[in-house]
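1. Test case, fold it:
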Amino acid sequence: MEYITKSGLKKIKIKLLLLKNNKKKIINQIKEALEKGDLSENYEYFAAKESYELLQININKLKKIFFNSKLINKKKNKKKNKVYIFSVVTIKNLINKEKIKYEIVPNNESNIKKNKISIKSPMSLSLLGKKVGYIFYFKFTKFKYKIIKIE
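-> Modelled structure (predicted):
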């Protein structure tokens with residue numbers, strides 16, 4: 001199951017509409033290519049068919065997310081005593097003393113450039129349910145970290 005916010009759901013709806021519009025165009029391209037006759041050397045037909053298949057894969061992925069997601073309210077999930085989805089967590093590397101702040105977000109809303117990490121990421125899984133003061137070893141960086149703040 002995926003978690004999703006209203007804004008995430010809205011983005012998926014928009015993407016689905018765009019993909020469905022593109023699907024109509026590609027179907028027309030396939031029809032036009034079929035009208036040209038011999039398919040054995042008809043590059044336009046094979047290119048359109050391949051585009052259609054890739055498009056359908058993307059549509060199916062988005063539909064799966066859309067229908068199998070649990071809509072969550074960001075405001076209701078703001079608990080500050082433990083790390084949950086939508087928590088903003090500040091952790092401190094105990095070796096080099098560097099502090100890093102992450103927000104735990106639904107899988108499809110992650111953006112590492114904005115320090116928004118997926119609830120399914122290894123770092124999130126290390127943090128979920130933990131309290132301030134918790135010390136953990138993160139095997140991917142080979143450092144020890146301490147949770148110093150939960151917002």
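
2. Which single helix of the protein contains the most residues?
-> helix 6-35 (DSSP state H).

3. Show me the chain divided up by domain.
-> 2-71, 88-150 (automatic domain parsing).

4. Okay, now the unreliable bits of the chain?
-> The chain contains residues with pLDDT under 70 at 74-79.

5. residue ranges of the helices in it, please?
-> Along the chain, the segments classed as helices by DSSP H run 6-35, 43-67, 122-127.

6. Now tabulate these in CSV and tack on mean neighbour count and distance to I147.
-> In this view, the C-beta of every residue, glycine as well, is placed from N, C-alpha and C. Below are the helices of the chain laid out as CSV (neighbours: other C-beta atoms under 10 Å; distance: least, C-beta to C-beta, whole Å):
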stretch, mean neighbour count, distance to I147
helix 6-35, 14, 26
helix 43-67, 14, 30
helix 122-127, 18, 7
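
7. Would you mind giving the ones you listed as TSV with distance to K92 added?
-> Conversion of these to TSV gives the following (distance: least, C-beta to C-beta, whole Å):
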stretch	distance to K92
helix 6-35	30
helix 43-67	34
helix 122-127	13
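
8. who wins for proximity to N73 among those helices?
-> helix 6-35 (8.1 Å; C-beta to C-beta).

9. same for the closest one, what does it pack against?
-> helix 43-67, strand 69-71 (3 or more C-beta pairs under 8 Å, 6 or more residues apart in numbering; DSSP states H and E).

10. rewinding a little: the inter-axis angle of the longest helix of the chain versus helix 43-67?
-> Angle of helix 6-35 versus helix 43-67, following axes from the mean of the first three to the mean of the last three C-alpha atoms, to 10 degrees, is 160 degrees.

11. Would you tell me which of the helices of the chain gets closest to Y137?
-> When those are compared (using C-beta to C-beta), the closest one is helix 122-127, at 8.7 Å.
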